[in-house]
Every structure is written in C-alpha cells, then in structure tokens.
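In: model this:
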Amino acid sequence: MNRKPAYQGYYFRRLRALRLGLLLLLTAAPAAASDQPLELSRGRLTVKANLNTEVFYTVLNLAGSSAELRNTVYMPLYDDMTAYFAPYKEHPAVKELDSGGTLNWNTGFSYNVPAEFPLYFGDLPEGRRQADYTREFLDRLRIPGAGPGDLEKKAAYMDAYWEKVRDFYNTSSFGTYWRKARPRYAGFVADLYAAMPEAEVLELHEAYHGDRAFSRAVAVTSALTLPSGGNYGLRVKGRDGASTIYDIMSAVRNSGGGADFRNASTAELMALHEFGHSFCNPVVARHYGEAEKYSFLLRGLRGKVDGAYGDWRSVLNELLVRAVHARLLLGLRGADAAAGFLAKERDREGFIFIDDWYRLLGEYEAGRDKYPTLDGFYPRLLAELAAWGVYERQEPRPLGTKWFKAAPGGVQLVKAEVYGAAYAAGLRSGDTVAAVDGAPMTAPDAYLRATKAFDALPAGGAMTFTVLRSSGPADVRVERGLGPFQRVVRLGAEYRNVRRRAPKELGLFWAGFGPEGMAVGFAAEDKPAALAGIKKGDVIKTAGGTPLTNREAYERAVADWEKLPEGGALKFIVLREGRETAVEVKSGQWQEITETVRLSGTN
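Out: As a prediction, the model looks like this:
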C-alpha cells in the first residue's frame, strides 16, 4: 500500500477547508476565458506565463527569510498571492527554503538557481522531470552529506524536494488560484509580447557566439521573482536533445506607480542580456578551472557585482554577458550608446574589468577566421585579468541601506549593511526613516533619491535622518566617514602580485553580521573550519581576538588566516545555544595563493 508523506497529514487537510473563503479575494478579476492565451509565439521566440515558475516563486515568497529579498513594488500579484496562500507557510516545501532549511539563500540556492530549478520539470500537477540537471546547477548546491562531486546525491535530493513542491501545488489548490489569476497573467504575456524588440536579438547572439545549438527561446513573465525585479537567463537541454533558452523577466516599475511588462526599452535590454546568459554561461563553465585562479579578485569588488553576484563564477558570467551586450549595442545603437552602457556597468554596477574585455572583443570580431566561436577566444579574456590585484584602501563609506520598503510614517529599512555609514551611526534593519534633512520620506522613490545624494557626499559630509522608534522620533546624524575596503587595483609601477603558500580556505559562508558576531550560514564539510567543529547556525564572536561584527572584520580575519605558518592555528570564539566555546582551526591543508603588494617608494 502506498503511504502519503507525513506532510500530507491532518494539519494540511484542515487547511483545505479555508480555500473557498480565500478564493473570494481573487473574484475581482474578470472570469477567465479559455481563449485567453498564456503563450504567444513568433518564429522561435515564445512569450509565456510559466506555471511551474509561479508555483515555485510562490513557495519561495512564503518563506520568512524572503522578506529581505522582496520589494512588492515590482510584484503586481503579491497581495493576492499572499492572501490566498498564507495558511501554507508551514508547508515542508516552504520550510525547506527558510533560513533553517537546507535549500536557503545562504547555502547556494539563490539568484539564478531557484529560477532554473522548476524548468527541469514538465507542467504541474504531473511535473515529471524532463531534463537532466546541469553540472553548473548542481555545483551551486551545498547539500549535507554530499561533497562537491556527489552529483547523484544532489540530484536525488532535488528530486525529493520537487515532490514536496508537487504536494504544495495539490494541497493548496494552486490550480484553482491559477485559473482565477489567468486574465492578469494573459495580460502580462500580451504586454511583453508587444514590447519585445523587432530586431532579431536571438540571431544576433547566435552569430556573435558562433553557437546555434538551441531549438527555441522563451521569455517568461513572472510577477514574483526574487530578489524583486530580478531577471535571469538560463538554458535547459531536454532529454530529447532539444535545448531551450529562457529569459525569466520581472515586472518593471513605471513612472505612474506600480509595475508592468510594457516597457519596450527594458524588453530589449533584457533580451540582449538574459538570452546572452544562455550563450555565455556555458563558456564560463567550460573554462572555469583556469578562471578560478583569479578568484582572489572577488574580494576587491563592490557595488552590484558584489552585492548581487557573490561568487566568482556568477561574476564571470555577468562580466562576459555585459561585455558582449556592449558590443551588440555598439552595432544596434552606435558608439554613444555603448559608451553610456560601459560607464554605467563600470561606475555604478562595479564591473571594473568590462572596458578591458570590451576592447578585446573588438579583436575577436576582427579575427573570426582564427576564432570562429567566442568559446575559442575566451582564454584571451581571462588572461587579461592577470593585470589586476587587490589592495586595502581607506574610502568613504556608502550609506548601506539598499533594501527598503514603504511603511506607515515613512520608509522602513529592510537591511542596514554593517559596512555602511547608516549602521555605523546607529541605524538598524527595521528602523523607519520619516525624513532626511527635513524632507519627508513619503515613498521609496524619495528615499532612493536621498541615498544617492548621501553617496555623492565627500568624505566627512553628513545628513540627518529622522527615525521613528518606540520612544518617539529621533534625529540621527549619519556621517560619510572613512572605512577600510579591499579594492581591485591595476598592476604596474605601484602594485604587483606575488605568489606564496597559504592555508586552504576556511570554508565558511556567512549568513549575516550583528553585535554578537558573524552568523554562519554554511560550513563546507571538507574544509578546516568544519573539520574543527564549526557548523551552520553558530555565531562566531571573535577570530584571532578580533570581533567579527562586520564583513570587513571577517575579511581581515581571512587575511590573518592566509598568513599563518604551516601547522599554525587561528582561535575562534563560537557562540552555540547560548554557550561560548573556543575552537582552534588548524592550517593543515595548503595551497598557492595570489596577494598584491605595494612597491616601496610609492605614495
């Protein structure tokens, strides 16, 4: 006899009784008609609303830890979705993605990984797997008991997790919700289809890369992507051998308030960028063994390149996509458009190396007889990274409050970054900012303008933030003081790189920082920290006597670790279940590393 999993028990049978009442929340939409298309096509391009994508992003949005990733301005169906599915926040599919679950944002299940996962399966409710997971997808996952090369274990874990997602679909009556929401999703599809560029963007990519390996391209409208406003380019090869490339697209904020899928310039931007990932990511994956030796450069990157793409492979994916995008834009819109794009990517987004790669891609274009594919030219791009190093500099701190949302009385800070000037002045996640320099913060856009104004201040400049607290309004002076930051530097007369032996990486991945120390999001099982006993959920108070209350302190601890002699150890004070424990992590495994030194006689 087949037995249902425990999560299909009494608790969820009781929740089923709530459905009829919750459906009333969606009846404001017109009745769905069978002829309202959720998919429109021309040539090899399809624009669609994807059932699996919305089911999975619903599950992810229900997880409590997703609050820090969400800005509902970008999510036109968020209120309806949360009202309907609120009773299912304790479902095992949801809990698995929360901060205590295995597949949470801090353990590698982040950004493009959750966007890619539901695409491996046929449409729910059957939802059978119809494509093999890629090596790159599985490599991103950190599953307990599965080492880096245990791909079969990781695949089996993800298959078992998908069964929980299927149960969520059935238990929550997602099909009923989907039918009620169909008119709005059909509207999203029609809007994006009309906004897609007339230029044959797909053919441009094929010709540029020398890669014609896909069968069709699909632009997916999603009202629930995380982080809010996120867009993802993916490629999935079915077991029948056919490859489909995807552009998972979020709604775009519009000047009249709200968000929709009607912006033609954004549609072109995303078609160039996100479909580009399907061509560029496999190139990076094939050469990642060589690329990994430059991974030390990640420590010196800031801006979006650091905040949104926190691992080296993701940074390389984005760098190649954006450099190619600039070259395509040069052909489509001219030199001024390409120059403006490069300036934004370099100065605002933080892709410092993009000018070098843009220049080299000009050589690729001129030498297609020698390099018929971009894959063949890519080692030349990687070699250019040898001209860069990483060195600590004193720089003005940014405000460090990039996540915020509307709240009664002002704008609430979703996350105050510990390296920022706001945190240094005493502002914390959850604070509500009512005014900045006396100007009311009536909407998130007003606060966004204030943050840009702060980050444009010179060192020593300051602004006054009026904060609402339980004791009443308080004026907080936030100064743009100096702080130590690792930065990429170009080698030459002032800096050079040297190689030396150092202990292998600690294997720690932080989940956040606070007054007590660094919360451990993951500890790799085969690395020194885990072998010494440090594990996920621990809070590391100090390393080598230095309090780990912010990211910069942790980076300095990593630098101290890398300077240990063979057989040396670094002492950690760990807080676990309310008790402090001293843990000595020994430098038993060694490797060659690159570090940047400043030459004597330079200022």
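
In: Strands of the stretch 251-400 of the chain, start to end?
Out: Per DSSP state E, counting those that start in this stretch, the stretch 251-400 of the chain carries strands over the ranges 252-253, 259-260, 388-396.

In: Pipe the ones you listed into TSV and attach distance to residue 536, mean pLDDT and mean neighbour count per row.
Out: Using the backbone N, CA and C atoms, a C-beta is placed for each residue, glycine as well. TSV is the format used below for these (distance: least, Cβ to Cβ, whole Å; pLDDT from 0 to 100; neighbours: other Cβ atoms under 10 Å):
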stretch	distance to residue 536	mean pLDDT	mean neighbour count
strand 252-253	36	87	20
strand 259-260	35	88	19
strand 388-396	28	92	16
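
In: Can you pull the phi/psi pair for the closest residue to residue 443 other than its chain neighbours?
Out: Closest residue to residue 443 apart from its sequence neighbours, by Cβ to Cβ, 6 or more residues apart in numbering: residue 406 at 6.3 Å. For residue 406, the backbone dihedrals (degrees, to the nearest 10) come out as phi -60, psi 140.

In: shouldn't residue 406 be in contact with residue 441?
Out: No: in this structure residue 406 lies outside contact range of residue 441 using Cβ atoms under 8 Å: 9.3 Å.

In: Among these two, which residue is more densely surrounded?
Out: Comparing residue 406 with residue 441 by other Cβ atoms under 10 Å, the one with more neighbours is residue 441, at 25 against 17.

In: The more buried one: what's it in contact with?
Out: Residue 441 is in contact with 410, 411, 433, 434, 435, 447, 450, counting by Cβ atoms under 8 Å, 6 or more residues apart in numbering.

In: Tell me the one among those residues nearest to residue 391.
Out: Closest approach to residue 391 among the contacts of residue 441 (Cβ to Cβ): residue 450, at 31.7 Å.

In: tally of neighbours for the closest one?
Out: Neighbours around residue 450, by other Cβ under 10 Å: 21.

In: pretty sure it belongs to a strand, no?
Out: No: counting by DSSP: H, G, I helix; E, B strand; the rest coil, residue 450 falls outside a strand, being helix.

In: and which of the contacts of residue 441 is nearest to residue 126?
Out: Once Cβ to Cβ is applied, the member of the contacts of residue 441 that ends up nearest residue 126 is residue 411, at 44.2 Å.

In: State the helix or strand in which that closest one lies.
Out: If you go by DSSP states H and E, residue 411 is part of strand 410-415.

In: Quickly name whichever of the contacts of residue 441 is closest to residue 389.
Out: Using Cβ to Cβ, residue 450 comes nearest to residue 389 of the contacts of residue 441, at 35.1 Å.

In: what about the closest residue in space to the closest one that isn't next to it in sequence, how many residues close to it?
Out: Sequence neighbours aside, residue 436 is the residue nearest to residue 450 in space, at 4.1 Å (criterion: Cβ to Cβ, 6+ apart). Residue neighbour count, defined by other Cβ under 10 Å, stands at 23 for residue 436.

In: Pop the domain breakdown of this structure in here.
Out: Domains of the chain are assigned by automatic domain parsing as 6-20+33-259, 287-386, 398-480, 500-598.

In: Dump those domains to CSV, plus distance to residue 274.
Out: Below are these laid out as CSV (distance: least, Cβ to Cβ, whole Å):
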stretch, distance to residue 274
domain 6-20+33-259, 3
domain 287-386, 8
domain 398-480, 22
domain 500-598, 27
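
In: Out of those, the one nearest residue 266 is which?
Out: Closest among the domains of the chain, using Cβ to Cβ: domain 6-20+33-259, at 4.8 Å.

In: Could I get the contacting residues of residue 226?
Out: Counted by Cβ under 8 Å, 6+ apart, residue 226 has contacts 57, 60, 61, 66, 69, 70, 114.

In: for residue 218, same thing?
Out: By Cβ under 8 Å, 6+ apart, the residues touching residue 218 are 45, 46, 47, 48, 50, 244, 245, 246, 247.

In: And residue 169, by the same measure?
Out: Counting by Cβ under 8 Å, 6+ apart, residue 169 has contacts 55, 124, 125, 127, 175.

In: Tell me the most packed of these, by neighbour count.
Out: That'd be residue 55 among those, by other Cβ under 10 Å, with 26 neighbours.

In: quick one: low-confidence ranges for the chain?
Out: Scanning the chain for pLDDT under 70 picks out the ranges 1-35, 303-308, 310, 601-603.

In: Distance check, the residue nearest to residue 450 against residue 71.
Out: For residue 436, the distance to residue 71 equals 19 Å [Cβ to Cβ, to the nearest Å].

In: repeat for residue 404
Out: Taking Cβ to Cβ as the measure, residue 404 falls 8 Å from residue 71.

In: So what's the residue count around residue 401?
Out: Residue 401: 26 neighbours (other Cβ under 10 Å).

In: Surely it is in contact with residue 450?
Out: No: in this structure residue 401 lies outside contact range of residue 450 using Cβ under 8 Å: 9.6 Å.

In: elements contacting the strand holding residue 411?
Out: If contacts are counted by 3 or more Cβ pairs under 8 Å, 6 or more residues apart in numbering; DSSP states H and E, strand 410-415 sits against strand 403-407, strand 432-436, helix 444-455.
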